[in-house]
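Novice: Could you look at this predicted model? Sequence included:
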Amino acid sequence: MAASSLASRAVASLSPSISTGASRDDAGSSSVVGFHKRSSAFTGRRVRISSGHGSSAAHGRRSCVVAATAAPVKESPPKIADALVTREEGLELYEDMILGRCFEDMCAQMYYRSKMFGFVHLYNGQEAVSTGFVKALKKDDYICSTYRDHVHALSKGVPARQVMSELFGKATGCCRGQGGSMHMFSKEHRLLGGFAFIGEGIPVATGAAFNTKYSREVLKDLSVDAVTLAFFGDGTCNNGQFFECLNMAALWKLPIVYVVENNLWAIGMDHFRATSVPEIWKKGEAFGMPGVHVDGMDVLKVREVAKEAIARARRGDGPTLVECETYRYRGHSLADPDELRKPEQKNKYAVRDPIAAFKKYLLENGLASEADLKAIEKKIDEIVEDAVEFADASPLPPRSQLLENVFADPRGFGIGPDGKYRCEDPAFTAGTAEV
Amino acid sequence: MAQKVLVPCSSSSSCGKVQFSPSRVHTQAIAFGGELSQSSSRKNKSLALKAVAAKGETSAPVTAKSGHEILLFDALREGLEEEMARDPTVCVMGEDVGHYGGSYKVTKGLAEKFGDLRVLDTPICENSFTGMGIGAAMTGLRTVVEGMNMGFLLLAYNQISNNAGMLHYTSGGQFKIPVVIRGPGGVGKQLGAEHSQRLESYFQSVPGLQMVACSTPYNAKGLMKAAIRSDNPVILYEHVLLYNLKERIPDEEYVLCLEEAELVRPGKDITILTYSRMRHFVLQAAKTLVERGYDPEIIDIRSLKPFDLFTIGNSIKKTHKVLIVEECMRTGGIGASLRAAIVDNFWDFLDGRPECLSSQDVPTPYAATLEDATVVQPAQIIVKVEQMLQGLI
């Protein structure tokens, strides 16, 4: 598959109002994505910009290279003073990506040791998207995810212990063991889920963004400026809820960023086999919002796009659709034999490992030493080990927990034959009450 | 008597303790102005009205001179308006609820009063705007989602089942979903199959949802207010043909109890359980039955999920016979569940099997004769009650 031709750097249809605040390069092009002279050295690849759209032949190779909007940009060697992040920021990003990778690897181990069950969808390879976006948020901002949500939860600040416990189905999990892998929620960290059906989280995210607008315009509380991020995949972009929400968000200029993690596969369905117009970023324009494509294996590029899109939302200028080209190194889930993806494609993305690339960037730009990075890796190892130990030692939920959270107001269980509310039955908390 | 309610702690993950919160029942269940309280019917059956309640005369406990006359759609609007004025986080979203005032005028005038954001005209995308209402509710608002016709909410089934019903549970109690999903449903006058759906049964099994059906202006307003104040997701079923029902309702503010049934007419011969439009058919049949010397006890169950087993049980213990009259389909309908609950709980008090008159398992036909044959008619109710009371079945 010509997946690599998706790796275009060109900027898509950004409306003119967006580019305020972002740095412009000498070519005068909009600089939100793709034209970072410095970061092009990050992946060691030459910037290549085609002059037109690739052909879309019926068989196999469909090229999705997008026309550039400006003259080609030449590479220049990186300088420390031109680095895109500070040392502190760099280390924070690195640590977050290592946490994501290490945690997911541990999940695989634990799954095969029968400590966690069901459907577990791992995020290996996509860390740059979660880190790049979520670390650009403030604490009050919301994120909403799908079933591939462990790393989003970790990036947002949900403690590893709570996520691991939830995966083990223990009472100390972030959802008391009631959600599981696909339903991570955290009120404290503003994680709105964890959804098993693709697409169903997008309206929920849109509702959170609506709340921000409502708080400001109806409740007149200008201290509320929460932005919401909705994460979902390429398969979801053929779902009705995706389009319906793009429409509403653009209509009402909701403070939301729709982040597409296009890893080219929806279980065994190749994106190109499922999608008539595979350039997802183009669909933003159909709804009057900017559609941006970014290299999702490059945490600095993602971060740059993220900052701009989040700032745009926070300003009140409305939503952005960001398509991150990324790849998952493991199968769809731990139950997926992953037989359909060709080794050539996997290898092509294996060499673009976002963690390896960022490590190289930090070292080459003198932002960190090998010792620094090793220390971080060791720290994360310990955190993840501790999370496993904690989860192992935690109790399973007792029977009494069964009915407690069905209703926020437990009078919803109704009035029993004796005239008392069911929930007043002493057996209710024992979980043995009849409801 | 004060009700102590066990309220599970809804804060984050590790809290599983329950606490007593004695005041909670009172704020919601007791109307302001005690003697007007419908919800005290459980404790003192002071609602006995005239022996025969004719169609149009309802159980609103007001004298002839006090209160104000109102049509049902306006009573809903009044309840909604009062709640929106009381709590600025209450908002409405749906198709044509704003500038158009609602396809059945339930939101008439509200957009002018509260603004376009609080009475939001949505594009036609039920699943997404219902989900949006849920997301807004999770993060702090109290949304009222209107389905222009209840049937349209089938498009929102994903959101209603998975998100409204489940998120409080799967989040371990972290997020509550105080959303009211409402709209006109039921069989109308030759509206065709898709606009004449009886959806009570479809959402019935979804864990985490409460369902109520209004049938009079009095209970419409009271249930609307109660549903909005509830922290649970509530589906409020309105009926297309009841919107112009007129009744005198109190001027004072009142809120009804979501979980309680309404004793419409006390009696001793037979318990008739009904809801929504069928309540009025039952009352119409009751006129004839009373003339023929029978004494039916009529209960509008109002709460379709959960059932008020106290009111229902007390009645069955008195009459030993029960007939359910519903507009729902026979298969898997409210009647089916109610029969099971009655058999489970009150078997020893029954003289015969609980009977049920339901609508036919057909898509509502357009032709008037066929449509009439689809739903239960008063004549059928009379026949059935007589058969039961004469021991013929």
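Specialist: In hand now; what should we look at?
Novice: Show me the helices in the stretch 151-300 of chain A, by range?
Specialist: A:160-168, A:201-217, A:240-252, A:271-274, A:282-286, A:299-315 (DSSP state H, counting those that start in this stretch).
Novice: Now the fourth one: average pLDDT?
Specialist: So the one you mean is helix A:271-274. Rounded to a whole number, the mean pLDDT of helix A:271-274 is 97.
Novice: The last one now?
Specialist: Averaged over helix A:299-315, pLDDT sits at 98.
Novice: and if you look at the fifth one?
Specialist: Averaged across helix A:282-286, pLDDT comes to 97.
Novice: next one: the third one
Specialist: Looking at helix A:240-252 alone, the average pLDDT works out to 98.
Novice: follow-up on the earlier one: indicate which one of the helices of the stretch 151-300 of chain A is closest to chain B.
Specialist: helix A:201-217 (2.2 Å; Cβ to the nearest Cβ). Where C-beta positions appear, they are placed from N, C-alpha and C, glycine not excepted.
Novice: check whether the host helix or strand of B:T271 contacts chain A.
Specialist: Per DSSP states H and E: B:T271 is located in strand B:270-274. No: Strand B:270-274 does not reach chain A (Cβ under 8 Å from any Cβ of the partner chain); its nearest approach is 13.9 Å.
Novice: what's the neighbour count on the residue of the stretch 251-393 of chain B found nearest chain A?
Specialist: Proximity to chain A, evaluated over the stretch 251-393 of chain B using Cβ to the nearest Cβ, is greatest for B:P306 at 2.5 Å. Neighbour count for B:P306, taken as other Cβ atoms under 10 Å in any protein chain shown: 21.
Novice: Isn't it up against B:L209?
Specialist: No: the pair B:P306 and B:L209 does not pass the contact test of Cβ atoms under 8 Å, sitting 10.3 Å apart.
Novice: Got phi/psi on the nearest residue to B:Q174 once chain neighbours are set aside?
Specialist: Closest residue in space to B:Q174, ignoring its immediate chain neighbours: A:K187 at 4.1 Å, by Cβ to Cβ, 6 or more residues apart in numbering or on different chains. Main-chain torsions, A:K187, degrees, to the nearest 10: phi -70, psi -40.
Novice: In space, what's closest to B:N149 - neighbours in sequence excluded?
Specialist: Sequence neighbours aside, B:H195 is the residue nearest to B:N149 in space, at 5.4 Å (criterion: Cβ to Cβ, 6+ apart).
Novice: what's the burial count for the one you found?
Specialist: Residues lying near B:H195 (other Cβ under 10 Å) number 19.
Novice: Now that it has come up, it's in contact with B:G186, right?
Specialist: No: between B:H195 and B:G186 there is no contact under Cβ under 8 Å: 9.9 Å.
Novice: Next one: the residue nearest to B:I124 when sequence neighbours are not counted from B:A368, what distance?
Specialist: Nearest residue to B:I124, sequence neighbours excluded (Cβ to Cβ, 6+ apart): B:E95, at 5.9 Å. Using Cβ to Cβ, to the nearest Å, B:E95 is found at 28 Å from B:A368.
Novice: and the two? which has more neighbours close in?
Specialist: Neighbour totals were compared for B:E95 and B:A368, and B:E95 leads with 21 against 10 (other Cβ under 10 Å).
Novice: Would you check how far apart that one and chain A are?
Specialist: 12 Å (Cβ to the nearest Cβ, to the nearest Å).
Novice: so who does that residue touch?
Specialist: B:S103, B:D121, B:T122, B:P123, B:I124, B:E146, B:M148, B:F152 (Cβ atoms under 8 Å, 6 or more residues apart in numbering or on different chains).
Novice: For burial, what's the neighbour tally of the first one?
Specialist: A count of neighbours around B:S103, defined by other Cβ under 10 Å, yields 18.
Novice: And the pLDDT at it?
Specialist: Reported pLDDT for B:S103: 94.
Novice: Spatially nearest residue to it (excluding sequence neighbours)?
Specialist: Here the residue nearest B:S103, using Cβ to Cβ, 6+ apart, is B:M148, at 5.0 Å.
Novice: right, and that neighbour touches B:D96 too?
Specialist: Yes: at 6.6 Å, B:M148 counts as touching B:D96 under the criterion of Cβ under 8 Å.
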